[in-house]
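Participant: Kindly generate the corresponding structure for this input.
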Amino acid sequence: MKTVPSGSSGSKWSFMNCVVSSVVVFVALLSPASVMAIVNPNAYVSNNGTGTVTVINSTNNTIVTTISGFTAPTGLIMSIDGTKVYVANTGANNVAVINTTTNTIAKLIPVGVTPLEAAASPDGLHIYITNQGDGTLSVIDTATDTVSATVTLGGLPAEAAVTPDNAHVYVTDSSGVVKVVATATNTLSATIVDPSFALPIPIAITPDGKTAYVGNLIGVPGVVSVISTATNTVTQTIPVGLIPFGLAITPNGATLYVANSASNTISVIATATNTITATITDAIASGPEGMAVTGDGTKLFVANNGLDQVAVVTTANNTISATVQEAVASSPVQVALQVPQPAQPPNPCPVDNDDDKDKDGHHKRHHHHDDGDHDRDHHDNHHDDDDTNNCDQSNDRDHDHHDDGDHHGDGDDHHDDNF
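Facilitator: Reported below is the predicted structural model:
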């Protein structure tokens, strides 16, 4: 950017800086870590029995196509930008990457033994795959679609969820614990032990990152454990139906859905109080498992494993409004949808008509381009004198945003063989 001419009007250059700052923030918001429009309206369903993935238009609840070529697929997750879907091929020890534009398999990525579930980092940079056969977690770089790291966890890793700040991956272990991986180092940072853990598999984290919910498959009634991520301790348990095989949280974080596979029901839990507010009755022998909520929060797609169908729940009244029938013996286990990610909106940039303040603002802008770190220090020292110049602060906030810079499902009953 050009240096402001000494004879220029202060208000004019304050306005121009505002415009430039707004453009910078707008461009930044196009990054994977930011809020984005839902560009992919389709739900992707892994069918363990037929080795296929069904693509369903989430707007009209119709099948778009069925993709073949998978080997006992279980967990799957959509990339943050909606351009790819990563599918764990449990029977082939690899992950298939679907190009969502063509709905074809674009690549196979070798991972660990018996990959089960997949999770995406909110910044869009990594996909995490749990490998139950060798007790590891594969870290996939989404830019190259290659494994960039392998984390040794031991035990029987089942499902994973990433915190909104991208700092930790919570991994359920079927042997009865929950493990926490620090993403900065890709190392195990904590192991959570609690009496409520009884074959813990599904896990979901709230959009604010404060709470992780874990479904325990053993117990009458079934139980969902509530973990405080601040302390990594279980703070309470929520009784639900039998075999809570699937968890899904609405984008606004207000509601947790629990698929009770053996009860053929879905528990609706208010996260503010962790109490059940409704119970949705699914079809007899439906065996609901993996679930996903649409980006606008209006629909819940449920893999009914026992009936080879996908149930569609309208979240406004928590009733099943449609079902999508799949092929016989398809055994759907998991659903993936594109999920919008939170980001701070750009600040407004008011025009400052105070020439003296504008000169001081010009001084800071000029030094920002010479030395970015010095500009931040200089700004901090003069914050009280110039706290109204939001334009000068826009780039720093955008920079901080990117430095900082939301699960899905569950497996099939066939997983029990691996547990």
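
Participant: which residues are in contact with whatever helix or strand G215 lives in?
Facilitator: Taking DSSP states H and E as the definition, G215 sits inside strand 211-216. Residues from elsewhere that reach strand 211-216 (Cβ atoms under 8 Å, 6 or more residues apart in numbering): 161, 170, 172, 178, 196-206, 222-229, 240, 244-247, 249, 256, 258, 271, 410. Placement of C-beta: from N, CA and C, glycine included.

Participant: out of those residues, which are buried?
Facilitator: Buried members of the contacts of strand 211-216, scored by 16 or more other Cβ atoms under 10 Å, are 161, 170, 172, 178, 196-197, 199-206, 222-227, 229, 240, 244-247, 249, 256, 258, 271, 410.

Participant: can I see the domain layout of this structure?
Facilitator: Following the assignment in automatic domain parsing, the chain carries domains at 10-30+354-403, 42-343.

Participant: Let me know which of these is tucked in deepest.
Facilitator: Of all the domains of the chain, domain 42-343 carries the top mean neighbour count, a mean of 21, counting by mean count of other Cβ atoms under 10 Å.

Participant: Note down every partner strand of the one helix or strand A158 maps to and its orientation.
Facilitator: Assessed by DSSP H and E, A158 sits inside strand 157-162. Within its sheet, and counting by DSSP bridges, strand 157-162 is paired with strand 168-173 (antiparallel).

Participant: angle of the strand it pairs with against strand 211-216?
Facilitator: Per axes from the mean of the first three to the mean of the last three Cα atoms, to 10 degrees, the angle that strand 168-173 makes with strand 211-216 is 10 degrees.

Participant: What sits closest to A272 if chain neighbours are left out?
Facilitator: Nearest non-adjacent residue to A272, counting by Cβ to Cβ, 6 or more residues apart in numbering: A254, 7.0 Å away.

Participant: Contact partners for the one you found?
Facilitator: With contacts defined as Cβ under 8 Å, 6+ apart, the neighbours of A254 are A270, T271, A272.

Participant: where's L242 relative to A303, distance?
Facilitator: 17 Å (Cβ to Cβ, to the nearest Å).

Participant: residues in contact with H168?
Facilitator: V162, V180, V181, A182, T183, S189, T229.

Participant: wait, doesn't the fourth one sit right on A167?
Facilitator: Meaning A182. Yes. At 7.0 Å, A182 counts as touching A167 under the criterion of Cβ atoms under 8 Å.

Participant: Just the ones of the contacts of strand 211-216 in strands?
Facilitator: Counted as lying in strands by DSSP state E, out of the contacts of strand 211-216, are 161, 170, 172, 178, 200-205, 222-228, 240, 244-247, 249, 256, 258.

Participant: Quick check: the gap between the residue nearest to V193 when sequence neighbours are not counted and V151.
Facilitator: Once flanking residues are discounted, V193 sits nearest to V177: 5.4 Å by Cβ to Cβ, 6+ apart. Noted for V177: a distance of 15 Å to V151, by Cβ to Cβ.

Participant: low-scoring stretches of the stretch 151-300 of the chain, by residue?
Facilitator: Scanning the stretch 151-300 of the chain for pLDDT under 70 picks out nothing.

Participant: Tell me which helix or strand the nearest residue to V226 once chain neighbours are set aside sits in.
Facilitator: Leaving out its chain neighbours, the residue that sits closest to V226 by Cβ to Cβ, 6+ apart is Q236, at 4.9 Å. Element membership for Q236 (DSSP H and E) is strand 233-240.

Participant: now for that strand, which elements pack on it?
Facilitator: strand 222-228, strand 265-270, strand 275-281 (3 or more Cβ pairs under 8 Å, 6 or more residues apart in numbering; DSSP states H and E).

Participant: Nearest to Q334, out of these?
Facilitator: strand 265-270 (15.4 Å; Cβ to Cβ).

Participant: which residues touch that closest one?
Facilitator: Applying Cβ under 8 Å, 6+ apart, the external contacts of strand 265-270 come out as 224, 238, 240-241, 244, 254-260, 275-282, 288, 291, 300, 302, 313, 318.

Participant: again, only this time at 6 Å
Facilitator: If you take Cβ atoms under 6 Å, 6 or more residues apart in numbering as the criterion, strand 265-270 is touched by 240-241, 256-259, 276-281, 318.

Participant: tilt between that strand and strand 233-240?
Facilitator: Using the same axes, to 10 degrees: strand 265-270 against strand 233-240 is 130 degrees.

Participant: Tell me which strands strand 265-270 pairs with, and in which orientation.
Facilitator: strand 255-260 (antiparallel), strand 275-281 (antiparallel).

Participant: contacts for the shortest one?
Facilitator: Just to be clear, that refers to strand 255-260. So strand 255-260 is contacted by 213, 224, 240-242, 244-249, 266-267, 269, 271, 288-289, 291, 300 (Cβ under 6 Å, 6+ apart).

Participant: Apply 8 Å and report the result again.
Facilitator: Applying Cβ under 8 Å, 6+ apart, the external contacts of strand 255-260 come out as 204, 213, 215, 222, 224, 240-250, 266-271, 288-291, 293, 300, 302, 313, 315, 410.
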